[in-house]
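**Student:** could you look at this predicted model? Sequence included:
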Amino acid sequence: MSSTRGGTAAAVALPAPGVPDPRREFAFSDADFQDLARLAYRQAGIVLGENKRNLVYSRLSRRLRALNLATFRAYREHLAGDPREVENFINAISTNHTKFFREAHHFDHFRSHVAAPLARAPAGHRFRVWSAGCSSGEEPYTIAMVLGREVPDIARRDARILATDIDTDILAKGVRGDYPATALEEIPEAYRGCVERARPGVATMAEDLRRLVVFRPLNLLGEWPMSGLFDAIFCRNVMIYFDAATKAALVERFTRQLKPGGWLYIGHSESLIGAHPGLRLMGRTIYRREP
């Protein structure tokens, strides 16, 4: 940052790490950041490095204003005594960025290796897909679009898509199924019949698609209430926020939650740490549970 006075640019010095920044509305000490980072890791496995300090300040400042608190220390004390605010805290620091048909090669593979075989399966065949870390719902609705096109009788089958996320605020958007009309640009022409335009500027997922998807809040580090196994699990661009030990434990749990021969799709910037004895790499960020 620089300012110009009399034609000469003078650099504005930034405070040293740990020194209060007088330009900030709230003081934000090392102790504040480190305590909140520990809470994020303990509650959700999210690793907040020093490079996330400004992000944490920006997002949580809104919570201080909403609660009429004057300091981050007061906010930390409030968190310790109010479990409901811990949910707001996780919602605030969670990063939600997604779109329809993101990483399209996954849906090409899903179409040919999962949806097409389902179309040939007996009508009573049980079929389940899990979208873990589904954010605002674009991913599970994309899965539903592919199934709806490839399996014409999907509405009459025992088929469901479980969509989960730790952020309850963003999850509510998926439940509504409403998106800006500009989101249609992300959807291939062949699938645009799956979207209704009931109101100006709003694209709504068709009712038959919404019936396929069940949205539920879930912390991936907590208990998983699902008893049945999944034909496919999508967990994309979620594990980048975890450390190696958390990521390895999560992959192990996903593997156990897949049917033999089931598919695991992870994000384009992610990879499994070392070979997993129960999974085989079958394509770019596509794994299959060994039969």
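**Tutor:** Thanks, I have it.
**Student:** which residue ranges of the stretch 1-150 of the chain form strands?
**Tutor:** With DSSP state E, counting those that start in this stretch as the criterion, the stretch 1-150 of the chain has strands at 2-5, 8-11, 126-132.
**Student:** mind telling me which of these the model trusts least?
**Tutor:** Lowest mean pLDDT of the strands of the stretch 1-150 of the chain: strand 2-5, a mean of 32.
**Student:** pull up the gap between Arg211 and Gly177, please.
**Tutor:** Using CB to CB, to the nearest Å, Arg211 is found at 11 Å from Gly177. (Each C-beta comes from the backbone N, C-alpha and C, glycine too.)
**Student:** show me which of the two is the more surrounded one.
**Tutor:** Gly177 (20 against 12; other CB atoms under 10 Å).
**Student:** where does pLDDT dip in the protein?
**Tutor:** Residues of the chain that meet the criterion pLDDT under 70 lie in 1-23, 198, 273-275.
**Student:** just want the most central residue of it.
**Tutor:** Central residue of the chain (CA atoms, centre = their mean): Gly133, 3.3 Å from the mean position.
**Student:** next, it: phi, psi?
**Tutor:** In terms of degrees, to the nearest 10, the main-chain angles of Gly133 are phi 80, psi 50.
**Student:** pretty sure Gln43 contacts Val86?
**Tutor:** Yes: look at Gln43 against Val86 with CB atoms under 8 Å: they come within range, at 6.3 Å.
**Student:** in the stretch 101-250 of the chain, which spans are helices?
**Tutor:** 104-110, 116-120, 138-150, 168-176, 207-212, 244-257 (DSSP state H, counting those that start in this stretch).
**Student:** among these, which is nearest Arg156?
**Tutor:** For those, proximity to Arg156 was assessed by CB to CB; helix 207-212 is nearest, at 10.6 Å.
**Student:** next, the buried residues of the closest one.
**Tutor:** 209-210, 212 (16 or more other CB atoms under 10 Å).
**Student:** okay, domains of this structure per the record?
**Tutor:** 15-93, 104-289 (automatic domain parsing).
**Student:** deepest of those domains, which one?
**Tutor:** Greatest average neighbour count among the domains of the chain goes to domain 104-289 (a mean of 17), per mean count of other CB atoms under 10 Å.
**Student:** end-to-end on that domain?
**Tutor:** Taking CA to CA, to the nearest Å, domain 104-289 runs 21 Å from one end to the other.
**Student:** and what of stretch 192-200?
**Tutor:** 16 Å.
**Student:** which other residues reach that stretch?
**Tutor:** By CB atoms under 8 Å, 6 or more residues apart in numbering, the list of residues contacting stretch 192-200 from outside reads 141, 144-145, 148-149, 181, 184, 187, 203-206, 209.
**Student:** starting at the chain centroid, how far to it?
**Tutor:** The chain centre lies 24 Å from the centre of stretch 192-200; the measure is CA atoms, centre = their mean, to the nearest Å.
**Student:** I figured Leu118 hits Asp153, correct?
**Tutor:** No: between Leu118 and Asp153 there is no contact under CB under 8 Å: 10.2 Å.
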